[in-house]
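Participant: Based on what follows, work out the 3D shape:
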Amino acid sequence: ICAYQAQRWLIGATGSWRQNLALSCGGQLNDSGSHLLDVVLWVTGLEPESVSAVIENHGREVDIDSAVTVRFKGGAIATFNVVGSASISWHEDVSIHGDKGSVLYRNNKILVAREGEKSLTEVSVEELPASSDPDIDFVDLVLGRVSEAAAPSSCGLRIARLTEAAWKSAANGSKVISLSE
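Facilitator: Have a look, this model is predicted:
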């Protein structure tokens, strides 16, 4: 799995609470990058086992650019590159390669190559399952219309643990941090 996100976050968030460690509790990896981590964990269902990271703060209190490698239980690996010092406003790519094919997400386009196929095919919106509305899901949960959240708190906890392990690894010179501890 290769996941990449680029944003003009270093300049765009200058002087805001986002780059104040006491208010934000972290930088670009914690802010926009958490959504990239969440997408990969949500889509794959994989559980992180260990993390290694290198982070550049560009002289700020918080992380701006992060290169994170994750080994999952079962052996799969992923790289996450979260670039907050980009000159572009937004770009996001996620590539997932498996035994039966590959799925590539390229800035709002989904491309698929199934096992044995030599080229990628774009997936049309009609082929995708119906989506939900997070705001309506939240209201339904609060009002008791549903008994379970569409995204349980355990999803957020996994992202927080992974992010904190990346920060710890970077602080220790890219030492591999086990999430099994």
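
Participant: A strand includes Ile136, no?
Facilitator: No - the assignment for Ile136, made by DSSP: H, G, I helix; E, B strand; the rest coil, is helix rather than a strand.

Participant: Might you report the residue contacts of it?
Facilitator: Ile136 is in contact with no residue at all, counting by CB atoms under 8 Å, 6 or more residues apart in numbering. Using the backbone N, CA and C atoms, a C-beta is placed for each residue, glycine as well.

Participant: Where do the helices of the protein begin and end?
Facilitator: Here the chain has its helices, by DSSP state H, at 9-12, 21-24, 33-44, 134-142, 153-171.

Participant: what's the neighbour count on Pro129?
Facilitator: Close neighbours of Pro129, defined as other CB atoms under 10 Å, add up to 5.

Participant: let me fix that: Ile88
Facilitator: By the measure other CB under 10 Å, the count of residues near Ile88 is 9.

Participant: The spatially closest residue to it that is not a sequence neighbour and Glu126: what is the separation?
Facilitator: With CB to CB, 6 or more residues apart in numbering as the criterion, Ile88 has its nearest non-adjacent residue at 5.8 Å, and that residue is Ala6. Distance of Ala6 to Glu126, given as CB to CB, to the nearest Å: 30 Å.

Participant: So which of those two has more stuff around it?
Facilitator: It is Ala6, of Ala6 and Glu126, that has more neighbours when counted by other CB under 10 Å, with 20 against 5.

Participant: Across the sheet, point out what pairs with that one.
Facilitator: Bridge pairing for Ala6 (DSSP bridges) gives the partners Val83, His91.

Participant: wait, doesn't it sit right on Ser66?
Facilitator: No - Ala6 is beyond contact range of Ser66, at 11.8 Å (criterion: CB atoms under 8 Å).
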